[in-house]
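>>> Structure for the following, please:
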Amino acid sequence: MLTTRFTNALGIEHPVVLAPMDFVAGARLAVAVSAAGGLGLLGGGYGDERWLEDQFAAAAGTRVGCGFITWSLARRPGLLDVALEHRPAAMMLSFGDPAPFADRIRAAGVPLVCQVHTLDQARQVLDAGADVVVAQGGEAGGHGVGTRSTFTLVPDVADLIADRSPDTLLLGAGGVVDGRGLAAALALGADGVLVGTRFWATEEAVVSDGAQARALAAGGDDTVRTRVYDIVRQYDWPAEYDGRLLRNQFIDRWHGRESALDAHLAEAAAEFRSGVSQEDYDIAGVIVGEGVGRVGEILPAGEVVRRMTRDAAARLGR
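Numbers count the residues shown, from 1 in each chain. Next up is the predicted model:
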């Protein structure tokens, strides 16, 4: 057991939280992480009511939380009530202002977890009353504002919290895939970690074998931050956000040529849909972070939690 303020506050054994990866983090993965002593968060993503209901039902009897893309939730705010009816262990909001939802989450007695990528965003979520702040560096897979690294952002946010809201908890995210990353985050002032890529590469993740095989053969230098897939999927992300994925032929063709991609969007979108349906990862996206180079095998999620915390405790002399 690796005890921190976060484990005490959430009533869990290990300070390891499953990132609520859109659809990847279904009930099977979230339950596995929680059952191993961490905290599993369902990937509510852009919002699908039927999916939410099904996953909460499948997770019944295990304490799990949920996460949403905030700007998308603002378009379908009723989804928050759907999630809160299931009394989640925590509610995580990312990529937008949490203030419009904070009071409802607080009134339900659910801890509010807010992900940030800059100090200005951290100030905003503290003003909104976040119980837990996730400081995510640009090393992370998926969306973010990739101008800050985990190694500098986490201690900056830790100092901000200590000055403005000492009871607020802090999780580090971005590049955390093993016990070294967990130990480093704790040493930098975090109370725990939020983990995406390492749990993406587990038996319970809703990820194809082909995508996982592609990732296992890759390293951190093979990832890139890009807007290509948001354009081709016609997802209306705020302009400051892009996403980290494995570089492939499709990205190499269009990254840096976004205006040309807009001009050929119909053909590119059709090619992308075909690549997804055929699991052709020269075209379809593989969303992982820079830590992918330290992922050597597909493991059960519970084993990931146990190895990560055991190694971190040994490194910290606990």
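
>>> Could you use CA atoms for every contact and neighbour count after this?
Fine.

>>> could you say what helices and strands the helix or strand containing F101 packs with?
For F101, the element it lies in under DSSP states H and E is helix 99-107. Using 3 or more Cα pairs under 8 Å, 6 or more residues apart in numbering; DSSP states H and E as the contact test, the elements touching helix 99-107 are strand 112-116.

>>> ok, back up a step: need the residues that contact the helix holding F101.
With contacts defined as Cα atoms under 8 Å, 6 or more residues apart in numbering, helix 99-107 is touched by 84, 91, 111-112, 125, 128-130.

>>> out of those, who's nearest Y281?
For those, the residue nearest Y281 by Cα to Cα is M91; the value is 32.2 Å.

>>> Please list all residues in contact with the closest one.
65-67, 105, 110-113.

>>> how close does it sit to V24?
Plainly put, M91 is 17 Å away from V24 if you go by Cα to Cα, to the nearest Å.

>>> And G196, by the same measure?
Separation of G196 from V24 (Cα to Cα) stands at 10 Å.

>>> higher neighbour count, the two?
Higher neighbour count among G196 and V24: G196, with 27 against 23, using other Cα atoms under 10 Å.

>>> right, and that one touches D22 too?
No - look at G196 against D22 with Cα atoms under 8 Å: they stay out of range, at 10.7 Å.

>>> Could you pull out the strands in the stretch 201-318 of the chain for me?
According to DSSP state E, counting those that start in this stretch, the stretch 201-318 of the chain carries its strands in the segments 223-226, 242-246.

>>> residue ranges with poor pLDDT in the stretch 151-300 of the chain?
Within the stretch 151-300 of the chain, no stretch has pLDDT under 70.

>>> Can you give me the end-to-end span of stretch 103-118?
23 Å.

>>> So for that stretch, what gets flagged as buried?
Residues of stretch 103-118 classed as buried by neighbour count (16 or more other Cα atoms under 10 Å): 105, 110-118.

>>> now the strands of the stretch 201-318 of the chain as JSON lines including mean neighbour count?
Converted to JSON lines, the strands of the stretch 201-318 of the chain look like this (neighbours: other Cα atoms under 10 Å):
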{"stretch": "strand 223-226", "mean neighbour count": "23"}
{"stretch": "strand 242-246", "mean neighbour count": "24"}
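
>>> and of those strands, who's closest to Q136?
strand 242-246 (12.6 Å).

>>> tell me which strands and helices that closest one is in contact with?
On a contact count with 3+ Cα pairs under 8 Å, 6+ apart, strand 242-246 meets strand 142-144, strand 223-226.

>>> would you turn the ones you listed into CSV with distance to Q234?
Converted to CSV, those look like this (distance: least, Cα to Cα, whole Å):
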stretch, distance to Q234
strand 142-144, 15
strand 223-226, 14
